[in-house]
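Q: The amino acid sequence is not available; the structure is as follows:
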Ligand code: GLA
């Protein structure tokens, strides 16, 4: 072979290798099914302390939520003390967590629960508390020593925004040369990432050289549909740095040897299949959709998150996004709003039908079930109503979410302009189907759904159908079933049992 041919062949092999690197989920035994639990964020914001968390933990046990599977009690932002201790270690807020985080973890464990904490791989968390930047291995060791079980890494104050503060180059004085932070720095220098040129606004002075960036996702074509909010720009230096920062902290957590479920929130990511498979190399769940906006207790917010997961450019891309999920890694739709502050009548909130829809679609899409309602039954709020319980504790729906096959479902048919059919394959060979009514009106006429639309595989026969809200057998025929009535914004969720026909 001539040198040109050799170079070309080697280049082609490298490109091929990058594209074909199998995106295997971490084989650490964690998150084999979507994590379930509670997060402080929407329930309490920054206003919580150890007493509140213990009360929440007790309520989660006494209501039966723990036994239904909600095991994680996650402190979101604002559990930290504003300053590190003299050795530079992070510490819990000394006023609100006087007994310390290790004590809190022990309390959770003694109740059969797990403790989660929150941080940012940048210099500060979104609420301004110390971040993990340049403390990655130190903080991971602290977290592991406390006995923490879950870590959410958020996306505020990432490195590109603080280059001015830290100087043009990362100092490697505090790291041995083998540390990933140093490797990352060298890697950036080697591949021409222009750390110096990144401005506070996040605009890059110089595009990066993707072809040489080994281990990173391959070049992202601009495949997103042009309509608002779903555009995926080509990767820029700060996106790469963002991905690398999440990866670095994931490696630091893994190096502790403790089982810590790792949740990440990359700012921009969502439309390109190569990204879908990337995060699973080092995290267990990711909000990898664009746009990434926080949930609110509104129908519009739910629809925005749902569509970010489904209205990718084509069914092929939707399938690839879904295929990234599976035992060990899940596409995160943010927290459930079910039961959020129901007694505050002046706040926008969803109806019971809308909560049912959110929960049903989280089940179909195999999304983590992290609720954020204050269910302690205090005078302030009492969100532990029959309605909340009927949604969060519907065991048949939880079983769909937690199905061991771990196959994320997708949208398979538009039954009318407003009514959609979603489908998820289950471990027992059956299917879960969701019929979602987006219309502001209830169904005006009964709707036929065929087994063909539900993509019942050839050679299989339907043996029974059960509606999961509230859990009753449903009539069906050889051809399909009829949706007699469906309220505005409500979802019919059904489980279909199949048998192989010889
Ligand atoms: C961001 C996240 C939220 C929450 C807050 C905390 O907005 O998206 O989920 O973690 O930060 O400050």
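A: That came through fine. Predicted, not measured: the structure shown is a model, and the values here were computed from it. Residues are numbered from 1 along each chain as shown.

Q: Those residues of this protein touching the ligand, which are they?
A: 41, 76, 77, 126, 127, 154, 265, 294 (CB under 6 Å from any ligand atom). For every residue, glycine as well, the C-beta is placed using N, CA and C.

Q: tell me the strands in the stretch 251-400 of the chain, going along the chain?
A: Applying DSSP state E, counting those that start in this stretch to the stretch 251-400 of the chain gives strands spanning 261-264, 285-286, 330-331, 369-371.

Q: Quick one, which of the ones you listed gets closest to residue 422.
A: strand 330-331 (14.0 Å; CB to CB).

Q: Run through the neighbouring helices and strands of that closest one.
A: With contacts taken as 3 or more CB pairs under 8 Å, 6 or more residues apart in numbering; DSSP states H and E, strand 330-331 sits against strand 285-286, helix 315-324.

Q: Deepest in the core, which of the ones you listed is it.
A: strand 285-286 (a mean of 27; mean count of other CB atoms under 10 Å).

Q: Just checking: what are the partner strands of it?
A: The strands beside strand 285-286 in its sheet (DSSP bridges) come out as strand 261-264 (parallel), strand 330-331 (parallel).

Q: between these, which has the poorest average model confidence?
A: Of all those, the minimum mean pLDDT falls on strand 330-331 (a mean of 92).

Q: need the contact list for the residue of the stretch 201-350 of the chain at minimum distance from the ligand.
A: Among all residues of the stretch 201-350 of the chain, residue 294 sits closest to the ligand, at 4.7 Å; criterion: CB to the nearest ligand atom. By CB atoms under 8 Å, 6 or more residues apart in numbering, the contact list for residue 294 reads residue 334.

Q: can you tell me how far it sits from residue 396?
A: In this view, residue 294 and residue 396 are 30 Å apart by CB to CB, to the nearest Å.

Q: Please apply the same query to residue 368.
A: 19 Å.

Q: Ok, residue 148 next?
A: For residue 148 relative to residue 396 (CB to CB), the value is 32 Å.

Q: more crowded one of the two?
A: Shown here are residue 148 and residue 396; by other CB atoms under 10 Å, residue 148 has more neighbours (26 against 16).

Q: The more buried one: what's it in contact with?
A: By CB under 8 Å, 6+ apart, the neighbours of residue 148 are 101, 105, 115, 116, 117, 258, 260.

Q: closest to residue 298 among those?
A: The nearest one, if we look at the contacts of residue 148 relative to residue 298 and count by CB to CB, is residue 116, at 25.6 Å.

Q: residue contacts, that closest one?
A: Here residue 116 is in contact with 37, 39, 72, 73, 74, 75, 148, 149, 150, 151, 152, 261 (criterion: CB under 8 Å, 6+ apart).

Q: among these, which are in strands?
A: 37, 39, 72, 73, 74, 150, 151, 152, 261 (DSSP state E).

Q: I'd say the last one and residue 35 touch.
A: The reference is to residue 261. Yes. Counting by CB atoms under 8 Å, residue 261 touches residue 35, with 5.8 Å between them.

Q: And those two? Which one has more around it.
A: residue 35 (26 against 23).

Q: which residue packs closest to the more buried one, ignoring adjacent ones?
A: Of all residues not flanking residue 35 in the chain, residue 368 sits nearest, at 4.7 Å (CB to CB, 6 or more residues apart in numbering).

Q: what's the spacing between the one you found and the ligand?
A: 13 Å (CB to the nearest ligand atom, to the nearest Å).

Q: mind checking the backbone torsions on that residue?
A: Per-residue torsions, residue 368: phi -50, psi 140 (degrees, to the nearest 10).

Q: Could you list which residues are in contact with residue 397?
A: By CB under 8 Å, 6+ apart, the neighbours of residue 397 are 359, 360, 363, 468, 469, 493.

Q: Need the max-distance pair from those residues.
A: Farthest pair in the contacts of residue 397, by CB to CB: 363 and 469, 11.0 Å.

Q: These two: who's more crowded?
A: Neighbours of residue 363 and residue 469, each counted by other CB under 10 Å, are more numerous for residue 363; the result is 28 against 21.

Q: Next, work out how far apart the more buried one and residue 393 are.
A: On the measure of CB to CB, residue 363 and residue 393 end up 13 Å apart.

Q: Next: residue 414.
A: 32 Å.

Q: Compare these two (neighbour count), which wins?
A: residue 393 (16 against 11).

Q: Pull up the gap between the closest residue to that one other than its chain neighbours and residue 349, please.
A: Residue nearest to residue 393 in three dimensions, not counting chain neighbours: residue 68, with 5.2 Å by CB to CB, 6+ apart. Taking CB to CB as the measure, residue 68 and residue 349 are separated by 23 Å.

Q: Which parts of the stretch 1-150 of the chain are helices?
A: Ranges of helices in the stretch 1-150 of the chain, per DSSP state H, counting those that start in this stretch, are 3-20, 40-44, 50-62, 65-68, 101-110, 136-146.

Q: Which of the residues in the second one are classified as buried?
A: So the one you mean is helix 40-44. 40, 41, 42, 43, 44 (16 or more other CB atoms under 10 Å).

Q: what residues does it touch?
A: Residues contacting helix 40-44 (CB under 8 Å, 6+ apart): 48, 52-53, 56, 74-77, 79, 295, 297, 335, 337, 340-341, 372-374.

Q: let's go with 10 Å and repeat that
A: Here helix 40-44 makes contact (CB atoms under 10 Å, 6 or more residues apart in numbering) with 46-48, 52-53, 56, 73-79, 116, 118, 126, 152, 154, 294-297, 334-337, 339-341, 370-376, 381, 383.

Q: out of those, which are buried?
A: Looks like these have 48, 52-53, 56, 73-79, 116, 118, 126, 152, 154, 295-297, 334-337, 339-341, 370-376, 381, 383 buried, using 16+ other CB under 10 Å.
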